[in-house]
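Novice: Predicted model follows, preceded by the sequence.
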Amino acid sequence: MKFLADMGISPSIVKTLREQGHDAVHLHEQGLIQLPDADILNKARDEGRVLLTHDLDFGELLAFNKQSLPSVVIFRLSDMRPRNVWLHLSAILLLNGQALEQGALLSVRDRKVRVRTLPIR
């Protein structure tokens with residue numbers, strides 16, 4: 001699976017994804033730290049990547065655009081340290097990988113993952 005990590009996601013998550021055989025990039029390593037949210041979403045869609053973020057604006061953009069891709073995972077965890085984010089992300093990949101491939105918005109909280117199929121109506 002291919003991933004694009006937004007600025008609020010630790011680069012170590014990208015490193016771990018790569019170690020697990022995924023194609024993952026971080027906006028920082030591409031020098032795109034000031035890229036507007038709409039352009040980030042378009043980049044993820046154009047490159048066939050799942051966007052990893054903690055920014056709620058992406059859910060609103062997906063709803064407004066009514067598009068079925070890209071999939072977005074929004075982390076709303078009380079502990080955003082890389083180890084905790086990775087624990088949640090690895091579970092998501094195991095349980096929701098197919099939804100991510102088909103187009104979904106996942107909101108990840110400490111004890112709950114909400115999955116919404118795209119496009120959002």
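Specialist: Great, that's in hand. Numbers count the residues shown, from 1 in each chain.
Novice: how about stretch 66-83 as PDB, C-alpha atoms only?
Specialist: C-alpha atoms of stretch 66-83 as PDB (Å, rounded to 0.1, in the frame of the first residue of the first chain):
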ATOM      1  CA  LYS A  66     -17.700  14.000  -2.900                       C
ATOM      2  CA  GLN A  67     -14.800  11.900  -4.300                       C
ATOM      3  CA  SER A  68     -14.100   8.300  -3.600                       C
ATOM      4  CA  LEU A  69     -10.400   8.700  -3.200                       C
ATOM      5  CA  PRO A  70      -7.900   9.200  -1.600                       C
ATOM      6  CA  SER A  71      -8.500   7.300   1.600                       C
ATOM      7  CA  VAL A  72      -7.600   9.400   4.700                       C
ATOM      8  CA  VAL A  73      -6.700   8.200   8.200                       C
ATOM      9  CA  ILE A  74      -7.200  10.900  10.800                       C
ATOM     10  CA  PHE A  75      -5.500  10.200  14.100                       C
ATOM     11  CA  ARG A  76      -7.300  11.800  17.100                       C
ATOM     12  CA  LEU A  77      -5.300  10.000  19.800                       C
ATOM     13  CA  SER A  78      -4.500  11.400  23.200                       C
ATOM     14  CA  ASP A  79      -1.000  10.000  22.800                       C
ATOM     15  CA  MET A  80       0.500  10.800  19.400                       C
ATOM     16  CA  ARG A  81       3.900   9.400  20.100                       C
ATOM     17  CA  PRO A  82       5.100   7.300  17.200                       C
ATOM     18  CA  ARG A  83       4.900   4.000  19.000                       C
END
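Novice: So for that stretch, what gets flagged as buried?
Specialist: Residues of stretch 66-83 classed as buried: 67, 69, 70, 71, 72, 73, 74, 75, 82 (neighbour count, 16 or more other Cβ atoms under 10 Å). Where you see a C-beta, it was placed from the backbone N, CA and C, and this is true even at glycine.
Novice: same check, this time on stretch 49-57
Specialist: Using 16+ other Cβ under 10 Å as the test for burial, stretch 49-57 gives 49, 50, 51, 52, 53, 54, 55.
Novice: Which residues does that stretch contact?
Specialist: Residues outside stretch 49-57 that contact it (Cβ atoms under 8 Å, 6 or more residues apart in numbering) are 1-6, 8-9, 13, 23, 25, 37, 40-41, 43-44, 58, 70-77, 80, 89, 100.
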